[in-house]
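Asks: predicted model follows, preceded by the sequence.
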Amino acid sequence: MLDNIDSAMNWQALDAAHHLHPFTDHKDLHERGVKVIERAEGVFLYDAKGNKIMDGMAGLWCVSLGYSRPELVEAAAKQMATLPYYNTFFKTTNKPAVALATKLASIAPEGLKHVFYGCSGSEAVDTALRTARVYWQTLGKPEKKIIIGREYGYHGSTTLGASAGGMVDMHRQSGDMPNFVHVIPPYWYGKGGQMSPEEFGLYAAKEAEKKILELGPENVATFIGEPIQGAGGVLIPPSTYWPEINRICKQYDILLIADEVICGYGRTGKWFGTDYFGIKPDMMTTAKGLTSGYLPLSALLMNNRVADVLINEVGEYYHGFTYSGHPVSCAVGLKNIEILENENLVEGATAKGELLRAKLNEAIGDLPIVGEIRGVGLIGAIELTADKRTRKFFEKNGRVGVICRDHCIAAGLMMRATRDTMLFSPPLSITEAEIEKFAAMAKIAFEKTFADVRAEVAL
């Protein structure tokens, strides 16, 4: 039946009739019509109407190698022909799962040598949070249950992950779970006031310490944070922040979870954001860039402190997934890491990111609505502001961001808006010529956004 569908409009109608999308206002989507992405190659998407769009977000931060890499397709096909699936429950394993775990232990930050697989970042976060509570209960401290996250934090959309995250709308819609609290994020541009970034980094960390003391360290299980808060607006912490968080967690005997789902596998110019900021986590969640998004896979890494308790004291750990250690996904993950290494894409992200931010500054840095262009490696953000001198935001925060996002897509550049902050995270494989195109399309979109804002003010 579907072989006879030959127009984008027909696909849109079928989508509206049957497909529920994540994070979507479906009524609005049905009125506007969904964009049907038909194929992709390199850093470009092609929709069913023939439009070519540069993917400035690498899918959802994940397509590190770009689209249609034959090596990843071949790795999946080869493994699928040999062992397409078997579980890892019944005292069994498979070679790709073992090989990938061994490889991850070799590239991970010091001490993180044990791997638990899932299919998504959300599953990795759930596993980490559950493991933290099992850890303390096994050690005879069941009262250590409280999870501390941060405002604007994003840790997935499962119930535990959403509770740990600090997205207000998610909490409002589904309600809060007990034993989750949130503290101020290290967002200097939006919350730093008159403090220097370094002063604010210490302030934000000490707010976490104040919360721990208020709750009682004996009641706090873990602190979870992204090295750079991605979906929350690419909030890059000042240099003083993570060293102080390390100290606090160690002093009060609190497990530290680094959520590397976005930052991991080269996004920051280091293998992990943990490497970049010198974070000392007990557990580290990873996904997305692990397979460049070609197949679902997540890997939670943990240190000996946590793993030894699971291995030697818990007994049977009643946790896992049908697809934990899926052989095809693990084979693709192995090949993905091999390509990242062979093509020096991790180290190369530093220079490419510097070039991209420089080109963006040349193209749009002088616009009155552009308050800040920031980034680390190939992850970054552009703050849209009503007054760049005072860092004043627009009224009805988020409206101008949507206007800019729509202009970006119309210009052929996929970017994402969080509040009035424009986010970018292109594939690590992006070339210098493509960076030039990225900046040129951004110039068109941001100038049109400024014109719209200026026209509104004039009216």
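Replies: Yes, it's here.
Asks: let me see the backbone angles for Gly377.
Replies: Main-chain torsions, Gly377, degrees, to the nearest 10: phi 60, psi -130.
Asks: so who does it touch?
Replies: Neighbouring residues of Gly377 by C-beta atoms under 8 Å, 6 or more residues apart in numbering: 266-270, 276, 349-350, 352-353. In short, each C-beta sits where N, CA and C put it, glycine included.
Asks: which SSE is the closest residue to it other than its chain neighbours in?
Replies: Spatial nearest neighbour of Gly377, excluding adjacent residues (C-beta to C-beta, 6 or more residues apart in numbering): Gly269 at 3.6 Å. Counting by DSSP states H and E, there is no helix or strand that carries Gly269.
Asks: near Gly269, how many other residues are there?
Replies: Gly269 has 23 neighbours, counted by other C-beta atoms under 10 Å.
Asks: does it touch Leu345 like I think?
Replies: No: Gly269 lies out of contact with Leu345 (C-beta atoms under 8 Å); the separation is 10.0 Å.
Asks: re earlier: let me know the pLDDT of the residue nearest to Gly377.
Replies: Listed pLDDT for Gly269 reads 98.
Asks: centre-most residue in this structure?
Replies: Nearest to the geometric centre of the chain sits Ile262, at 2.8 Å (C-alpha atoms, centre = their mean).
Asks: mind listing the strands for the stretch 301-450 of the chain?
Replies: 370-376, 379-384, 413-414, 416-418, 421-424 (DSSP state E, counting those that start in this stretch).
Asks: list the contacts of the third one.
Replies: Just to be clear, that refers to strand 413-414. Residues contacting strand 413-414 (C-beta under 8 Å, 6+ apart): 45, 53-57, 408, 438, 441-442, 445.
Asks: where does pLDDT dip in the protein?
Replies: Counting by pLDDT under 70, the ranges of the chain that qualify are 1-6, 457-459.
Asks: how does it look with 50?
Replies: Scanning the chain for pLDDT under 50 picks out 459.
Asks: any idea how far Ala128 lies from Gly42?
Replies: 34 Å (C-beta to C-beta, to the nearest Å).
Asks: looking at these two, which is more packed in?
Replies: It is Ala128, of Ala128 and Gly42, that has more neighbours when counted by other C-beta under 10 Å, with 30 against 18.
Asks: and the protein, what are its domains?
Replies: Per automatic domain parsing, the structural domains of the chain span 35-68+344-458, 71-342.
Asks: would a markdown table of those domains with distance to Asp25 be doable?
Replies: Listed next are these as a markdown table, based on distance: least, C-beta to C-beta, whole Å:
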| stretch | distance to Asp25 |
| --- | --- |
| domain 35-68+344-458 | 12 |
| domain 71-342 | 11 |
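Asks: circling back: which of the contacts of strand 413-414 are buried?
Replies: 45, 53-57, 408, 438, 441-442, 445 (16 or more other C-beta atoms under 10 Å).
Asks: ok so, going back, nearest to Leu255 among the contacts of Gly377?
Replies: Tyr276 (21.0 Å; C-beta to C-beta).
Asks: wait, isn't that closest one in contact with Gly269?
Replies: Yes: the pair Tyr276 / Gly269 is scored as a contact, 7.0 Å apart, by C-beta under 8 Å.
Asks: now do the shared contacts for the two.
Replies: With C-beta under 8 Å, 6+ apart as the test, Tyr276 and Gly269 both reach 376-377.
Asks: next secondary structure element downstream of the one helix or strand Ala81 maps to?
Replies: Applying DSSP H and E as the criterion places Ala81 in helix 70-82. Remark: after helix 70-82, the chain's next helix or strand is helix 95-107, criterion DSSP H and E.
Asks: give the pairing partners of the next helix or strand along the chain from that following helix; include direction for each.
Replies: Note on helix 95-107: by DSSP H and E, the next helix or strand toward the C-terminus is strand 112-118. According to DSSP bridges, strand 112-118 forms sheet pairs with strand 298-303 (antiparallel).
Asks: for the partner strand, give me every contacting residue.
Replies: The contact list for strand 298-303, computed with C-beta under 8 Å, 6+ apart, reads 100-101, 104-105, 108, 111-121, 123-124, 127-128, 131, 261, 281-287, 290, 310, 333.
Asks: what backbone torsions are found at the residue nearest to the centre of the chain?
Replies: Dihedral pair for Ile262: phi -90, psi -40, per degrees, to the nearest 10.
Asks: surely it and Gly230 touch.
Replies: Yes: using C-beta under 8 Å, Ile262 is in contact with Gly230, at 3.8 Å.
Asks: any chance you could list what contacts stretch 148-156?
Replies: Stretch 148-156 is contacted from outside by 120-123, 125-126, 161-162, 164-167, 180-185, 187, 208, 211-212, 220, 222-226, 229-233, 235, 254, 259, 261, 285, using C-beta under 8 Å, 6+ apart.
Asks: quick one: end-to-end length of it, please.
Replies: Distance across stretch 148-156, first residue to last, is 15 Å (C-alpha to C-alpha, to the nearest Å).
Asks: then stretch 393-405?
Replies: This stretch, stretch 393-405, spans 17 Å end to end (C-alpha to C-alpha).
Asks: how far off centre is that stretch?
Replies: 22 Å (C-alpha atoms, centre = their mean, to the nearest Å).
Asks: contacts for that stretch, please.
Replies: With contact meaning C-beta under 8 Å, 6+ apart, stretch 393-405 is reached by 190, 369, 384-386, 415-422, 445-446, 449, 452-453.
Asks: how does it look with 7 Å?
Replies: For stretch 393-405, contacts defined as C-beta atoms under 7 Å, 6 or more residues apart in numbering pick out 384-386, 415-417, 419-422, 445-446, 449, 452-453.
Asks: between these, which is nearest His326?
Replies: Of all the contacts of stretch 393-405, His326 sits closest to Arg416, with 28.4 Å by C-beta to C-beta.
Asks: any idea how far Trp61 is from the closest residue to that closest one other than its chain neighbours?
Replies: Of all residues not flanking Arg416 in the chain, Leu423 sits nearest, at 4.5 Å (C-beta to C-beta, 6+ apart). Distance check for Leu423 against Trp61: by C-beta to C-beta, it reads 9 Å.
Asks: tell me which residues form a beta bridge with Gly375?
Replies: Gly380.
Asks: show me the contacts for it.
Replies: Counted by C-beta under 7 Å, 6+ apart, Gly375 has contacts 353, 357, 381.
Asks: now Pro327
Replies: Residues in contact with Pro327 (C-beta under 7 Å, 6+ apart) are 79, 83, 85-86, 94, 96-97.
Asks: one step back: closest to Ile337 out of the strands of the stretch 301-450 of the chain?
Replies: Ile337 lies closest to strand 379-384 among those, at 18.9 Å (C-beta to C-beta).
Asks: for the closest one, name the packing helices and strands.
Replies: Packing partners of strand 379-384 (3 or more C-beta pairs under 7 Å, 6 or more residues apart in numbering; DSSP states H and E): strand 370-376, helix 399-410, strand 421-424.
Asks: distance from the first one to the middle of the chain?
Replies: Its chain's average C-alpha position is 18 Å from that of strand 370-376, according to C-alpha atoms, centre = their mean.
Asks: mind listing the helices for the stretch 301-450 of the chain?
Replies: In the stretch 301-450 of the chain, the helices defined using DSSP state H, counting those that start in this stretch lie at 304-312, 327-342, 345-364, 399-410, 432-458.
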